[in-house]
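Asker: model this:
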Amino acid sequence: MGAGTVKNEPPRVLYGSTLMSAETFSALFSHATVRPSLAAQKYHGLMTRGFAQNGISITALSAPPVSRQTSRRRFVRVRDEKKDGVSFHYLPVVAVPGLKHVLVAAGAFWYTLTRLKRSDFAVCDGLNIALSAGVGAACRLRRRPCAAIVTDVPDILAGGRTRTSKANTRLLARFDGYILLTEAMNPLVNPRGKPFLVAEGQVDATMSDTANELAGKHPEKVCLYAGMLHEKYGMVRLAEAFRMVKDESARLVLYGDGDAADRIRKLAGTDGRIEYRGVADNRTVVQEELKATLLINPRPSNEDFTAYSFPSKNLEYMVSGTPVLTTKLPGMPREYDRYAYLFNDESTEGMAKTLNAVLGLPREELHELGGRAKAFALKNKSNTAQARRVMDFLKMLERNGTLRKRK
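Answerer: Residues are numbered from 1 along each chain as shown. All right, here's what the predicted structure looks like:
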């Protein structure tokens, strides 16, 4: 992160996670049988680039997500690099259970201790136990604010109360503040009532350069879903509801894979308007989102986990400029309701009724709502805007004397 502090120097942030540059991630895992989470790479990549776009000096301290499942190599050392204004420092990783976590924690501690200066700040992926333990311990010694980004509740992520989730919860209690996806998460991850910020999601600010025009739409009324095709996400119900749509020119196009894929294939065989296209690359999906009439998220709102997660898919849909039809998920702040069509009745018949009503609207009216949703997402939820809020939050932790109140 550099040596010494100069007056008027931009703020400097150390960001701990598994983030890698897109090129390095692809080179390391392109032939892996099991690839690490792309969702984590996308989230942390957007946030770090958002810091850089705000003129903040950002260093991504990364523990590459190497394991026996994702790589045949037992020792991985990646060369440091700088991409899109983000400086990457990669910790060496030994893919041996137990030893890997000890070495990551020790490496993160030493790097943070030796690089963190008097005016620096730190942010960590709070669910990465080894990395955040090392960074957090060094920050406490340096008396610098360290906030945890928490994208899931440990007990829910682990599928119940386990030794790992207990350890993660204890570790989270030691941070100075929290960046959460939903306010409902706060009592579970922040029992001591420390400061927190809700930053439910983010979109790529560069999407402002991507046009969504009526002239470029498919002539058919295409309803599109791209993501995990799990029954618990309402995918079978959506396909069954679509069979009740009266408009013969309408199409339901589905991308992805999951436990509902076979059922969807069978339903597609009974209705030629349903198209299951399997897994596609992100570029293809984004182009199809721009050409679609409607983007759909049918995830049921009555599942317990929905209160603790924000549907990032909805934001990704919105920034495309194509209108969104979604359920009224509790993790989605109600301010979003003005920028989307809603399933108020999530039964199969209720969803079919809503689909018929929305698809019956003029194309111009649908397109106008999509444009307003895109403008809202870019203004309020871009990675640039969210990183600016996180930076203000870190400065608030320092101003309010959080460090002096540590227990």
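Asker: Send over stretch 332-344 as CSV, restricted to the C-alpha atoms.
Answerer: Provided in CSV are the C-alpha atoms of stretch 332-344 (Å, rounded to 0.1, in the frame of the first residue of the first chain):
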residue,chain,number,x,y,z
MET,A,332,-35.6,-6.0,-1.4
PRO,A,333,-36.3,-2.5,0.0
ARG,A,334,-39.7,-1.2,-1.0
GLU,A,335,-38.1,1.7,-2.9
TYR,A,336,-37.5,-0.8,-5.7
ASP,A,337,-41.2,-1.4,-6.1
ARG,A,338,-41.7,1.7,-8.2
TYR,A,339,-39.2,0.4,-10.8
ALA,A,340,-40.5,-3.1,-11.3
TYR,A,341,-43.7,-5.1,-12.0
LEU,A,342,-44.6,-7.3,-9.1
PHE,A,343,-46.2,-10.8,-8.6
ASN,A,344,-48.6,-10.0,-5.8
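Asker: any idea which residue sits dead centre in the protein?
Answerer: Residue closest to the average C-alpha location in the chain (Cα atoms, centre = their mean): Tyr43, at 4.2 Å.
Asker: Do I have it right that that residue meets Val150?
Answerer: No - Tyr43 is beyond contact range of Val150, at 11.7 Å (criterion: Cβ atoms under 8 Å). C-beta here means a position set from N, CA and C on the backbone, and glycine is covered the same way.
Asker: hang on, the earlier thing: in which helix or strand does the residue nearest to the centre of the chain reside?
Answerer: In the assignment (DSSP states H and E), Tyr43 maps to helix 38-53.
Asker: same deal with Val222?
Answerer: strand 221-226.
Asker: what are the C-alpha coordinates of the helix or strand just after that strand, in PDB please?
Answerer: For strand 221-226, the following helix or strand on the C-terminal side (DSSP H and E) is helix 235-242. Written as PDB, here are the backbone C-alpha positions of helix 235-242 (Å, rounded to 0.1, in the frame of the first residue of the first chain):
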ATOM      1  CA  MET A 235     -38.700 -22.100 -11.600                       C
ATOM      2  CA  VAL A 236     -41.200 -24.900 -12.100                       C
ATOM      3  CA  ARG A 237     -44.000 -22.700 -11.000                       C
ATOM      4  CA  LEU A 238     -43.000 -20.000 -13.400                       C
ATOM      5  CA  ALA A 239     -42.900 -22.500 -16.400                       C
ATOM      6  CA  GLU A 240     -46.300 -23.900 -15.400                       C
ATOM      7  CA  ALA A 241     -47.700 -20.400 -15.100                       C
ATOM      8  CA  PHE A 242     -46.300 -19.400 -18.500                       C
END
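Asker: Would you mind getting the angle between helix 235-242 and strand 221-226?
Answerer: 180 degrees (axes from the mean of the first three to the mean of the last three Cα atoms, to 10 degrees).
Asker: rewinding a little: could you find the closest non-adjacent residue to the residue nearest to the centre of the chain?
Answerer: Once flanking residues are discounted, Tyr43 sits nearest to Thr151: 6.7 Å by Cβ to Cβ, 6 or more residues apart in numbering.
Asker: Report how many residues lie close to the one you found.
Answerer: 21 (other Cβ atoms under 10 Å).
Asker: same thing with Gly193?
Answerer: So Gly193, with other Cβ under 10 Å, has 8 neighbours.
Asker: and if you look at Thr306?
Answerer: 19.
Asker: So for it, what's the pLDDT?
Answerer: Note on Thr306: pLDDT of 80.
Asker: That one contacts Lys328, doesn't it?
Answerer: No - between Thr306 and Lys328 there is no contact under Cβ under 8 Å: 10.0 Å.
Asker: so the nearest residue to Glu200 once chain neighbours are set aside, which of the three states?
Answerer: Of all residues not flanking Glu200 in the chain, Phe310 sits nearest, at 4.0 Å (Cβ to Cβ, 6+ apart). Taking DSSP: H, G, I helix; E, B strand; the rest coil as the rule, one finds Phe310 in the coil state.
Asker: And for Leu267?
Answerer: helix.
Asker: In contact with the residue lying closest to it once chain neighbours are set aside, which residues?
Answerer: Spatial nearest neighbour of Leu267, chain neighbours left out: Ala239 (4.5 Å); criterion: Cβ to Cβ, 6+ apart. Counting by Cβ atoms under 8 Å, 6 or more residues apart in numbering, Ala239 makes contact with Leu252, Leu254, Arg263, Ile264, Leu267, Ala268, Ile274.
Asker: The same query, at a cut-off of 10 Å, please.
Answerer: Contact analysis of Ala239 by Cβ atoms under 10 Å, 6 or more residues apart in numbering lists 225, 229, 252, 254, 260, 263-268, 270-271, 274, 276, 298, 348.
Asker: Would you mind listing which of those are buried?
Answerer: Using 16 or more other Cβ atoms under 10 Å as the burial test, the contacts of Ala239 include Tyr225, Leu229, Leu252, Leu254, Ala260, Ile264, Leu267, Ala268, Ile274, Tyr276, Pro298, Thr348 as buried.
Asker: quick one: which of these is nearest Lys379?
Answerer: Nearest to Lys379 among those is Tyr225, at 26.0 Å by Cβ to Cβ.
Asker: hang on, the closest one packs against Leu295?
Answerer: Yes - Tyr225 sits in contact with Leu295 when judged by Cβ atoms under 10 Å, with a separation of 7.4 Å.
Asker: can you list residues touching both of the two?
Answerer: Lys313, Tyr317, Leu325.
Asker: Of these - the most surrounded one?
Answerer: Tyr317 (30 neighbours).
Asker: Name the nearest residue to it, sequence neighbours excluded.
Answerer: Using Cβ to Cβ, 6+ apart and skipping the chain neighbours, the partner closest in space to Tyr317 is Leu295 (4.1 Å).
Asker: I'd guess the one you found is in a strand, am I close?
Answerer: Yes - counting by three-state DSSP, one finds Leu295 located in a strand.
Asker: Quick check: it vs Val78, distance?
Answerer: Leu295 sits 36 Å away from Val78, going by Cβ to Cβ, to the nearest Å.
Asker: neighbour count winner among these two?
Answerer: Per other Cβ under 10 Å, whichever of Leu295 and Val78 has more neighbours is Leu295, with 26 against 20.
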